[in-house]
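> what shape does this take:
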Amino acid sequence: MKLRIEIVTPAPAGTLHGNRITALRWHQFLSRLNYQSTVTEQWSGKSCDALIALHGLRGYDSIQRFKKAYPNNPVALIMTGTDIYRDLKNSTKVIKSMEMADAIVLLQPDAIQSLPQKFHPKVQVIYQSVKSITRKTPPKRHFLASIIGHLRAEKDPFCAAQCLPLLPSNSKIQLVQLGKAMSPGLKKQAISIEKNVMRYRWLGQLSHSKTLQWLSRSHVMIISSIMEGGAHVVSEAIAIGIPVIASDIPGNRGLLGDSYPAYYPVGDKVALSKLLTKAESDPAFYQKLCKAIAGRQKITKAELEQKSIQKLIQTLFIKS
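Numbering: from 1, shown residues only. From the prediction side, this is the model:
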C-alpha cells in the first residue's frame, strides 16, 4: 500500500503564488518517490497517512482538524516568509501550528534564528529546486534588470522603480517588473510610474514560462522584499546563473549566502541605485556576482530537494 499524503496550500489552483508552485513541485517529488499525494486548499477531511501544510497561520484550521481526527498521523509544516517574519509575532495560531506539527520545514537556513528555541529540534531545511533553464543572451543596447513577484507591501514593490531617477544620465539600465498588482492602489501606482519613468515597464502577470524567459535574458534580477521565507524566484535566478541584487534580509541571505557581494539595506533606494550602477559599469564586479551565483547552484538541484523530502517523510514515520 502506498502512503497517502495530502498537501494543503492556501494558494488557489491556477495561481502563480510561490506556495502553490512549492505544493505542486512537492506533489511531483512525492509521486516519484512512490507516495500517493493530492494538493488541496484546506484539508479535505479524507483519511490520509500524513498531512503537509504550507503556512502556519492559514494552515492552522487544517492542521487542527486533521490532528483531532487522526492524532497519531504526522504533520509537516512548511513555513513561509509571512509566517516567520510577520505572523509569528502577531498570531498565536502560528505557534499552535508549530506545536501540533511533527516536523517544521524551512526553505533556507537563516530562518531558524527567528523561531523560538524549543522548535529547533523539529526543523529540517529543504532548499527549493528549479528545472534548469538555459541562460539567454541579454540585450546588447541596454542593461536589463528584472524584478519578479506579485505587487504587495511585503515585496516593497516599487523600491527598484523609484531608484531609477537616481541613476547616472548615461546609464543604459532598463527595468522590467513582472507580477500581478494585489490591490487597485498598487496597480494605479505601477501605471503612474510607467508613464513618468522612461526606464520602467510593468508587464503585469505573465505565465511562468514567459516570466522565466524574461529572467533568463536579464543582466541582473532585483529582489527588494522586506520579508521572504526563501523566494522561489531567487532560486530560479541562481539556477539560471543570473546575478541577483538583494535586500539584506534573512530570507535572501539564507539562499545567497552571507558572503554574497550585492546586498543593500531594505528600502534604501540610493544604495540600490549604486549597486545597479556598479553592476552595469564595473565588469570586474559583474563577474564577481556571476561567480558568486554559480557557487550557489548546487542548492537548486532537484536531486537535493527530492532526497531532502524523502528524508523528511522517513523522519515523520519513524516519529509517529
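> now the closest residue to Leu206 other than its chain neighbours: how far from Ala50?
Distances taken as Cβ to Cβ, 6 or more residues apart in numbering place Leu178 nearest to Leu206, at 5.7 Å, with adjacent residues excluded. C-beta coordinates here come from the backbone N, C-alpha and C atoms, glycine included. Look at Leu178 and Ala50: by Cβ to Cβ, to the nearest Å, they are 35 Å apart.
> between the two, who's got more neighbours?
Remark: of Leu178 and Ala50, Ala50 carries more neighbours, 25 against 22, as counted by other Cβ atoms under 10 Å.
> just checking, the residue nearest to Leu206 touches Arg201?
No - between Leu178 and Arg201 there is no contact under Cβ atoms under 8 Å: 9.4 Å.
> hmm, back to that, the residue nearest to Leu206: what's it in contact with?
146-149, 203-206, 211, 214 (Cβ atoms under 8 Å, 6 or more residues apart in numbering).
> between those residues, which is nearest Pro71?
Proximity of the contacts of Leu178 to Pro71 (Cβ to Cβ) peaks at Gly149, which lies at 38.4 Å.
> my read is that Gln213 contacts Lys136, right?
Yes - in terms of Cβ under 8 Å, Gln213 counts as a neighbour of Lys136; the distance is 7.3 Å.
> the residue nearest to Leu206 bridge partners, please.
Applying DSSP bridges to Leu178 yields these beta-bridge partners: Ile148, Gly204.
> now it: how far from Ile222?
With Cβ to Cβ as the criterion, Leu178 and Ile222 are 11 Å apart.
> likewise for Ile112?
With Cβ to Cβ as the criterion, Ile112 and Ile222 are 26 Å apart.
> these two: who's more crowded?
Ile222 (27 against 17).
> can you name the residues that contact that one?
145-147, 160, 175, 244-246, 272, 276 are the contacts of Ile222 under Cβ under 8 Å, 6+ apart.
> among these, which are in strands?
Among these, DSSP state E puts 145-147, 175, 244-246 in strands.
> helix or strand right after the helix or strand where Gln28 lies?
In the assignment (DSSP states H and E), Gln28 maps to helix 18-32. Next helix or strand after helix 18-32 toward the C-terminus (DSSP H and E): strand 36-40.
> pLDDT on stretch 280-288, on average?
Mean pLDDT, computed over stretch 280-288, is 98.
> can you pull the contacts of the residue nearest to Ile5 when sequence neighbours are not counted?
Of all residues not flanking Ile5 in the chain, Ser37 sits nearest, at 4.5 Å (Cβ to Cβ, 6+ apart). Neighbouring residues of Ser37 by Cβ under 8 Å, 6+ apart: 4-7, 26-27, 30-31.
> just the buried members of those?
By neighbour count, with 16 or more other Cβ atoms under 10 Å, the contacts of Ser37 hold 5-7, 26-27, 30 as buried.
> need the residues you listed in CSV (columns: distance to Gly229 and pLDDT).
Converted to CSV, the buried ones among the contacts of Ser37 look like this (distance: Cβ to Cβ, whole Å; pLDDT from 0 to 100):
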residue, distance to Gly229, pLDDT
Ile5, 21, 97
Glu6, 21, 97
Ile7, 16, 97
Trp26, 15, 96
His27, 19, 96
Leu30, 20, 96
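> farthest pair in these?
Top of the distance list for the buried ones among the contacts of Ser37 (Cβ to Cβ): Glu6 and Trp26, 11.2 Å.
> need the residues touching each of the two.
37, 52.
> residues touching the helix or strand of the chain with the lowest mean pLDDT, excluding its own?
Least confident helix or strand of the chain, by mean pLDDT, DSSP states H and E, is helix 81-82 with a mean of 85. Contact partners of helix 81-82, identified using Cβ under 8 Å, 6+ apart, comprise 55, 57, 154, 225, 227-231, 251.
> can you report how many residues neighbour Arg25?
Neighbour count for Arg25, taken as other Cβ under 10 Å: 19.
> should've said Gln64
By other Cβ under 10 Å, neighbour count at Gln64 equals 16.
> is it in contact with Leu77, as I believe?
No - between Gln64 and Leu77 there is no contact under Cβ under 8 Å: 12.0 Å.
> biggest helix in this structure, by residue count?
The single longest helix within the chain, with elements called by DSSP state H, is helix 302-319.
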